[in-house]
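>>> sequence unknown, structure follows:
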């Protein structure tokens, strides 16, 4: 094999063939040649007097090493190659880059020894001046050191301070962000695990010179290095050792007093990281100075990001002060520190009418969050001042501010477990008085804060409230929520509090809440005129919001079940069923679900026995009632156990298939009963008629289980046959949609076998015959509704990835050119790609193949584009509508590669009169300008004029806003492409600045400003 090896090497040396290293490495791995063969054939080149020749030979060895696995080389081979490459580092500087590149590969070898690691490190530190190398070679140096530090730390530690000094020399003056990310990681490990000796200040200076990071990556940076990566890497270095405290803390103080916002934020977060590492002793001298800087930022900056950083830093300072070495140290550093802080803040707490009150509250909350001791000390001083301040005030605004701060302190107390030593224990009564009186103030914001405060008190870890306090709290909330003039926000907060009380203290609170609500619900005459009582719908809504836990669920659902069968409450059926559904959403435990299954059986009984009474039928078929009942059944079915599922499925399927006699109606007139004359007297929803609407109740029962259990559903094949027949019946749109969804839900999970394929082919033939029939379009075979059925069946098959799904989708695509069905077919694309809450979703355990939307988009895009260009002008809009539905529901990363095909259609979509189509198109263009600028910039002649027209489109605010956002995004394109249009755009946007809508004016200002200033960076 020497001859082929020799020819390959010569080919590399003479012709720079880049494939040679890979070929040689493959033959090396296959055992056809040995490493010795390669070295021998390279011998003359490695000792050549020409530097360029020696460099090429070294480069070949390095490239081969990078093609080999980490475990391929033996210990002797690693030693031999390492020694050779280290010798090359002593050669001409021109050879350093390939030698370092080769050593980078060797550093990852499994069998590298301590001696070789020491040799490589000492040679690099002695022979290589890292900062004179190109970026890639410096990166190799850092990667070598990183590999040794992470994989062979104990071997590196033997080098001690020699390694530290060598690394300092390598990193000093590094400027490339790609290298700094690795260098910061290495520095962090060195600082934490190697003895720094006399080089503490030196290594600190090497890393701290980059603080604060002001790097902004270019938009097309392939490395993906972000400013945040560098900031976090540097922060880890600065906070790696308490030995840095004497150097780092003055630096942070300096940056906190600067005018740069980014420097302040970085300094504050770095201070928070350093405080925990440096310890209370190191922080003690400067902690008050840091507090003064933090206080200044919280009181005066007005910037949310700065305030968040300041709060984080202050909390970290308190935590550090709380971890003193001894008890006496802790008192000295913590209690004295907090006492100084409180002295600074007391005056603001006594002046709640001033704006500094809220900032003071946030500052004290940050202090209290630091530790339990800090929280107790802050609360013991602050709460009495707040009580005093509240009682002195007569105006609402100061009281509002006091309660805000009081809530913050109470919230922080709740994060610690004080036991019987809670700081609120001795001040409970006056605090409760404040909240109690605040609830009666006729100001919504104060009432909301008061209820939130009561919730914070009752949810504290310690039991500082008595049973009387809790029941009084419940009574007060109950009176508030049942008042007719109660604001929605207040009622919501009171419901949250009542729900917590009922679930935490059920035996204590239930007698005070449910009897009152039940009595109000049973009252025949609710006196609403005097505006003291709310109506029954509100009571039901309250019950739905506050009920959770098995015992409470039993009490409330028992009442709801009685109301469901009481004809006197038919007018409240929407609210009753909604209440039942909301309660079911909080019931996931087996016992609660078992109890709710009684409601599932009751609903079946009501529907099957009362569906021939006009009053009951009109209520039960109300869209909202049907939706609530279906949602309730879905929620229960998602959590019921296998022990009850068969019984309930049998109950429903048998009654839907067999004749179930309905009660004779005695409460309705003969005229009212006339609507049932053309329908059977018995309940039969699987036959064309008025009962088909109840299939929406059957769907959750038979479509919610896992696919493997679908075949065990009683009578499932017979039910499917009836449902498939109903697809071709002329029914009302609402029940027809329920039927389509049920069919789709079953087909999606039906077992894959020959009978399923036969069934699907039969459905396809019937749908094709129905939709392609040229006879009477009002007949069964000309039913437009079959387009919806086709879309739902296609969705079921596409989601599961069935092999016949393409035939169904092809039929749907072919209908886009139809004069009658084309618009409906376009809507079918929305059905296929839009997620549904009631069917074919994860909660219903649907059979969902990964990335089915992306696959559907790619499979049908070419068909739509091709058919669009060949279609008649009067049906082209159907293709654009279908495309808009696909764009709206498909991931942008899939759309990008296809943009060149799509762009002509997107422009045509902008020219259409379809509002939804225009909005989707502009949103798509806005998202894709960054990622597909090469396509967009070629079409500016057609795009910009149309966007300017849409900026003044009077019929829709959304269109105007979207057009302006799209124009703003265009300024990210290359400047030379946009300059010819700038004057026109700037002039055209002047009238838009006077638009009657504020949102449009705001976007117009932003867009016009970007177009005016887009060349400022170039000028600079």
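Happy to help now that I have it. Predicted model only: the values in this text are computed from it and were never measured.

>>> going forward, measure contacts and count neighbours with C-alpha atoms only.
Noted.

>>> Give me the buried stretch members for stretch 998-1014, please.
1000-1001, 1003-1005, 1007-1008, 1010-1011, 1014 (16 or more other Cα atoms under 10 Å).

>>> got the contact list for residue 562?
By Cα atoms under 8 Å, 6 or more residues apart in numbering, no residues touch residue 562.

>>> and it, what helix or strand is that in?
helix 550-564 (DSSP states H and E).

>>> thinking again about what came up before, could I get the buried residues of stretch 998-1014 as CSV with secondary structure, pLDDT and distance to residue 975?
Below are the buried residues of stretch 998-1014 laid out as CSV (DSSP: H, G, I helix; E, B strand; the rest coil; pLDDT from 0 to 100; distance: Cα to Cα, whole Å):
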residue, secondary structure, pLDDT, distance to residue 975
1000, helix, 90, 25
1001, helix, 91, 25
1003, helix, 91, 21
1004, helix, 92, 20
1005, helix, 93, 20
1007, helix, 91, 15
1008, helix, 91, 15
1010, helix, 89, 12
1011, helix, 90, 10
1014, coil, 80, 7
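
>>> Give me the pLDDT for residue 635.
pLDDT recorded at residue 635 is 91.

>>> Pull the contacting residues for it.
Counting by Cα under 8 Å, 6+ apart, residue 635 makes contact with 581, 584-585.

>>> so which of those would you say is closest to residue 426?
Nearest to residue 426 among the contacts of residue 635: residue 585, at 40.1 Å, using Cα to Cα.

>>> Which residue is the nearest non-sequential neighbour of that closest one?
residue 635 (6.4 Å; Cα to Cα, 6 or more residues apart in numbering).

>>> Look up how far residue 854 lies from the one you found.
As judged by Cα to Cα, to the nearest Å, residue 635 and residue 854 stand 30 Å apart.

>>> Which elements pack onto the longest helix along the chain?
The residue-count maximum for a helix in the chain (DSSP state H) belongs to helix 261-284. Other helices and strands packing on helix 261-284, by 3 or more Cα pairs under 8 Å, 6 or more residues apart in numbering; DSSP states H and E, are helix 227-238, helix 245-256, helix 304-321.

>>> Need the winner for burial among the ones you listed.
Neighbour counts (mean count of other Cα atoms under 10 Å) averaged over each of those peak at helix 304-321, with a mean of 24.

>>> angle of it against helix 261-284?
10 degrees (axes from the mean of the first three to the mean of the last three Cα atoms, to 10 degrees).

>>> just use 3 as the starting number from now, easier for me
Understood, numbering begins at 3; the last thing we discussed is helix 306-323.

>>> pLDDT on helix 306-323, on average?
In this model, helix 306-323 carries a mean pLDDT of 93.

>>> which helices and strands does that helix pack with?
Using 3+ Cα pairs under 8 Å, 6+ apart, helix 306-323 sits against helix 263-286, helix 289-302, helix 358-371.

>>> Could you dump the ones you listed into a markdown table with mean pLDDT added?
Output for the helices and strands packed on helix 306-323, formatted as a markdown table (pLDDT from 0 to 100):
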| stretch | mean pLDDT |
| --- | --- |
| helix 263-286 | 91 |
| helix 289-302 | 90 |
| helix 358-371 | 91 |
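
>>> winner for burial among the ones you listed?
Among those, helix 358-371 has the highest mean neighbour count (mean count of other Cα under 10 Å), at a mean of 23.

>>> re earlier: centre of the chain versus the longest helix of the chain, how much separation?
The chain centre lies 30 Å from the centre of helix 263-286; the measure is Cα atoms, centre = their mean, to the nearest Å.

>>> the inter-axis angle of it versus helix 247-258?
Between helix 263-286 and helix 247-258, the angle comes out at 140 degrees (the same axes, to 10 degrees).

>>> How about residue 58, nearest residue that isn't a chain neighbour?
Nearest residue to residue 58, sequence neighbours excluded (Cα to Cα, 6+ apart): residue 15, at 6.6 Å.

>>> How about residue 904?
Using Cα to Cα, 6+ apart, the nearest residue to residue 904 is residue 867, at 7.6 Å.

>>> With residue 928 instead?
residue 968 (5.0 Å).

>>> Take the contacts of residue 637 and keep only those in helices.
Among the contacts of residue 637, DSSP H puts 583, 586 in helices.

>>> for the contacts of residue 637, which one is nearest residue 314?
The nearest member of these to residue 314, counting by Cα to Cα, is residue 587 at 37.1 Å.

>>> Give me the contact list for whichever strand or helix holds residue 379.
Using DSSP H and E, residue 379 falls within helix 374-394. With contacts defined as Cα under 8 Å, 6+ apart, helix 374-394 is touched by 320, 324, 336-337, 340, 344, 348, 351-354, 366, 369-371, 400-401, 404, 408, 411, 414-415, 418, 420, 424-426, 429, 432-433, 436.

>>> Just the ones in helices from those residues, please.
320, 340, 344, 348, 351, 366, 369-371, 400-401, 404, 408, 411, 414-415, 432-433, 436.

>>> Residue 346: what secondary structure?
helix (DSSP: H, G, I helix; E, B strand; the rest coil).

>>> for it, what are its contacts?
Residue 346 neighbours (Cα under 8 Å, 6+ apart): none.

>>> thinking again about what came up before, what subset of the ones in helices among the contacts of helix 374-394 is buried?
Buried residues within the ones in helices among the contacts of helix 374-394, defined by neighbour count using 16+ other Cα under 10 Å: 320, 340, 344, 348, 351, 366, 369-371, 400-401, 404, 408, 411, 414-415, 433, 436.
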